[in-house]
Structures are given as structure tokens and as C-alpha cells.
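[1] When you get a sec, could you give me coordinates for this:
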Amino acid sequence: MNNNYNEDKGERRVYFSESLPTHRATSDSGTKCRRRLFAYCGRICIGAFGILLALLIIAVIFMSFLQSGLPEISIKTLQLSKFEIHDSTNQNHNNAVLDARVDISMTVRNKNDKIELSYGDIVVNVASDDVKLGKSVIGGFSHGPGNTTYLNVTTNVVGDGVDRENALEIQEEKKRVEMVAQVRMEAIIGFHAGIFSIEKVPIHVRCDDVQQFLLVNRIKEASCNIRMFPFRVLPSSTPPS
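    Down below sits the predicted model:
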């Protein structure tokens with residue numbers, strides 16, 4: 001009997017499966033898919049970032065090119081040819097009515113050798129010490145390469161309500177030839193060079209330190225700063241009546 005038991009015991013065999021359990025294989029497959037997905041998304045993000053960076057660099061280069069092609073503008077003369085202060089019907093004694101006229105001569109130079117500039121209507125606003133001295137419009141024109149153009153414009157205010165103290169201060173500064181004015185201009189400009197053409201680029205011109213003394217004595221013209229794409233709406237180009 002013992003012999004039979006030993007024989008049965010010797011014939012027992014143990015088998016090991018060479019394949020992994022089904023749940024283990026499914027888990028590994030899911031991990032590999034996620035890794036591939038993450039790698040794919042990473043490549044897309046890097047590619048998108050590279051494209052945006054390239055577009056940004058191109059935009060900066062393009063803006064620099066346009067900025068370098070802008071004209072040079074300066075105020076040659078500014079004459080306050082009329083400045084009359086009248087009493088206001090308003091009961092407030094600080095209020096007054098102003099009639100004024102300003103005559104301006106400016107220099108516009110196209111510093112480009114091969115680029116022609118074109119201008120739409122140029123809206124001109126003049127003020128001094130927060131007192132508005134009128135608004136006018138210069139008609140559009142073309143500006144050949146290397147050319148210098150001289151423009152004359154007159155602004156008027158008639159019966160405009162102002163603060164009396166500010167108006168009297170400007171009147172005294174005018175007598176002492178010490179008036180300081182601010183001239184602002186807004187326009188649409190175009191760039192043209194052969195088949196290359198860019199139209200309707202908005203510009204804002206600021207001449208913030210127009211000193212009467214320097215202009216009257218012909219010491220120095222008042223230079224202006226020009227900025228493209230100003231973040232404001234251009235005023236109506238209809239001149240005041």
C-alpha cells in the first residue's frame with residue numbers, strides 16, 4: 001500500500017502558464033496608450049508654441065518696418081492770431097466765452113528713399129492749458145520718396161465756453177510770448193513701393209510741447225511723436241462749420 005502511494009506521488013506534476021493574466025495585459029496596454037497620447041499632445045503643444053512664436057517674430061519685424069517708414073512731422077510756426085474773451089450769460093463768474101483763431105505751419109518729411117506715402121484727411125486739434133483752440137482738417141495727399149511738404153492749417157473756436165481764469169492765463173502768456181500749445185493730429189496713412197502696398201494704417205501724432213518763444217524767434221521747430229494703431233476711435237473728419 002505504501003508503494004502505491006509513492007508511485008502516485010511521484011507521478012504528480014505542476015504546470016506554470018507562460019502567459020500573463022488577462023487583467024495584467026490589459027493594464028499594460030492602457031499604460032502604453034496613455035504614454036503615446038501624452039507624447040502626441042506634447043508634440044502638438046510644442047508645434048503650436050513654435051508657430052505662435054514665429055508669427056510673433058514676423059509681426060514685430062513687420063511693425064518695426066512700418067514704424068521706420070513713418071514720416072517726420074514738426075511745427076514750424078504757431079500764431080494765436082485772435083483771442084477774445086467775452087462774458088458768459090451763465091451766472092457763474094468763472095465762466096466765459098472764447099473766440100479764437102490759430103494759424104499753424106508744419107513740416108512733413110518723407111525720409112524714405114523708395115517708399116511713397118499717402119495720407120487720408122488729417123484731423124488737427126489745438127489746445128493750451130486745457131482750453132480748446134479749435135479743430136480743422138487737412139485734405140489727403142501723396143508724398144513722394146525723400147520729399148518735404150509744408151502744410152498750413154487754421155483752427156477756430158467761436159462762442160466756446162471756457163474757464164475764465166484759464167483763458168486769462170493764456171492771454172497773458174501770449175503777451176509775454178510764453179504760450180505753450182498742444183497739437184494733436186490723427187489720420188490714415190498708406191505705404192507704397194512698387195507692387196508692395198499697405199493701406200489704411202491709422203496714426204496718432206502728438207506735438208505736446210509747442211513753445212511760442214522758440215517758434216517766434218526761429219530757434220527750434222517743435223517735433224512731433226507719431227504712433228501707429230492708437231487705441232482710440234478717430235474723430236469725425238468733418239471740419240467745424
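[2] who does Asn152 bridge with?
    Note on Asn152: beta-bridge partners by DSSP bridges are Ser105.
[3] close enough to count as contact, it and Asp103?
    Yes: assessed by CB atoms under 8 Å, Asn152 is found in contact with Asp103 at 7.3 Å. C-betas here are computed from N, CA, C, even on glycine.
[4] Disregarding flanking residues, what is the spatial nearest neighbour of Ile198?
    Nearest residue to Ile198 in three dimensions, chain neighbours excluded: Phe191, at 4.6 Å (CB to CB, 6 or more residues apart in numbering).
[5] Next, count neighbours for that neighbour.
    A count of nearby residues for Phe191, using other CB atoms under 10 Å, gives 18.
[6] ok, it to Val205 distance?
    16 Å (CB to CB, to the nearest Å).
[7] Phi first, then psi, for Glu165.
    With angles defined as degrees, to the nearest 10, Glu165 sits at phi -60, psi -40.
[8] That one: neighbouring residues, count only.
    Neighbours of Glu165 using other CB under 10 Å come to 11.
[9] before we move on, the earlier item: more crowded one of Asn152 and Asp103?
    Per other CB under 10 Å, whichever of Asn152 and Asp103 has more neighbours is Asp103, with 14 against 11.
[10] Could you tell me which residues make contact with that one?
    Thr77, Leu78, Gln79, Ser81, Asn152, Val153, Thr154 (CB atoms under 8 Å, 6 or more residues apart in numbering).
[11] Give the full set of residues in contact with Val153.
    Contacts for Val153 (CB under 8 Å, 6+ apart) come out as Asp103, Ile104, Met106, Val124, Ser136, Ile138.
[12] go again using 6 Å as the cut-off
    With contacts defined as CB atoms under 6 Å, 6 or more residues apart in numbering, Val153 is in contact with Ile104, Val124, Ser136, Ile138.
[13] cool, and Ile122?
    Ile138, Met185, Ala187.
[14] Now do it, the pLDDT please.
    Ile122 carries a pLDDT value of 95.
[15] for the one 10 residues further on, same thing?
    According to the prediction, Lys132 has pLDDT 93.
[16] How many residues are close by it?
    Using other CB under 10 Å, Lys132 has 16 neighbouring residues.
[17] quick one, phi psi at Gly50?
    phi -60, psi -40.
[18] and it, how many neighbours?
    Using other CB under 10 Å, Gly50 has 10 other residues around it.
[19] Likewise for the one 4 residues further on?
    The tally of other residues near Ala54 (other CB under 10 Å) stands at 10.
[20] And it, how close does it get to Lys220?
    Counting by CB to CB - Ala54 and Lys220 are separated by 44 Å.
[21] Likewise for Glu178?
    15 Å.
[22] can you check Phe196 too?
    36 Å.
[23] Walk me through the domains of this structure.
    33-69, 72-228 (the TED database).
[24] pLDDT on the shortest one, on average?
    This predicted structure assigns domain 33-69 an average pLDDT of 83.
[25] buried set for that domain?
    Going by neighbour count (16 or more other CB atoms under 10 Å), the buried part of domain 33-69 is Leu66, Gly69.
[26] Kindly state the beta-bridge partners for the nearest residue to Ile115 once chain neighbours are set aside.
    Nearest residue to Ile115, sequence neighbours excluded (CB to CB, 6+ apart): Ala193, at 4.7 Å. Beta-bridge partners for Ala193, by DSSP bridges, are Phe196.
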